[in-house]
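>>> The sequence and its predicted three-dimensional model are supplied below.
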Amino acid sequence: VQLVESGGGLVQPGGSLSVSCAASGFTFSRYAMSWYRQAPGKEREWVATIGSTAISKNYADSVKGRFTISRDNAKNTVYLSMSSLKREDTAVYYCNVPTFLSTGYWGQGTQVTVSS
């Protein structure tokens, strides 16, 4: 399994940003995918999950209505579109396969900083 997150950056409060995760080493289209984030000094937390066919989507209450998870099975890529960003959304964002969490593997993540 290899997961490569990208697209992070600095954005002002209220702004928008999208991050991507390119996956390889497994049959991407067969698995649900999730986004997680870890803020400085805090535990990593779940943000959103999308089912293998993109029909099912679930979000943490803290991001519901502001973030949208999507995927492109032809490109083996999962996306997280973020809008109405708040300072508390500042974190390193990671994608992962919920089924594979027990392996302990994580990609390098992508830093999202919300600041004026």
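Perfect, thanks for sending it. Residues are numbered from 1 along each chain as shown.

>>> unless I'm mixing things up, G9 is touching T113, no?
Yes - using C-beta atoms under 8 Å, G9 makes contact with T113 at a distance of 7.3 Å. C-beta coordinates here come from the backbone N, C-alpha and C atoms, glycine included.

>>> Looking only at neighbour counts, state which of those two leads.
T113 (15 against 10; other C-beta atoms under 10 Å).

>>> which outside residues touch the strand or helix carrying the more buried one?
If you go by DSSP states H and E, T113 is part of strand 110-114. With contacts defined as C-beta atoms under 8 Å, 6 or more residues apart in numbering, strand 110-114 is touched by 5-13, 15, 17, 19, 37, 82, 85-94.

>>> same thing with stretch 89-106?
Residues from elsewhere that reach stretch 89-106 (C-beta under 8 Å, 6+ apart): 1, 3, 5, 8, 19, 21, 23, 26, 31-40, 42, 44, 47, 49, 63, 78, 80, 82, 107, 109-115.

>>> Take the residues you listed and keep only those in strands.
Judged by DSSP state E, strands contain the following of the contacts of stretch 89-106: 3, 5, 19, 21, 23, 33-38, 47, 49, 78, 80, 82, 110-114.

>>> Give me the distance from stretch 103-115 to the chain's centre.
Its chain's C-alpha centre and that of stretch 103-115 lie 8 Å apart, by C-alpha atoms, centre = their mean, to the nearest Å.

>>> my bad, should have said stretch 41-57
Per C-alpha atoms, centre = their mean, the centroid offset for stretch 41-57 relative to its chain is 7 Å.

>>> Just give me the residue right at the centre of the protein.
Centroid-nearest residue in the chain, with C-alpha atoms, centre = their mean: W35, separated by 3.0 Å.

>>> circling back to that earlier point, buried only: go through the ones in strands among the contacts of stretch 89-106 for me.
For the ones in strands among the contacts of stretch 89-106, a neighbour count by 16 or more other C-beta atoms under 10 Å gives the buried set as 3, 5, 19, 21, 23, 33-37, 47, 49, 78, 80, 82, 110, 112, 114.
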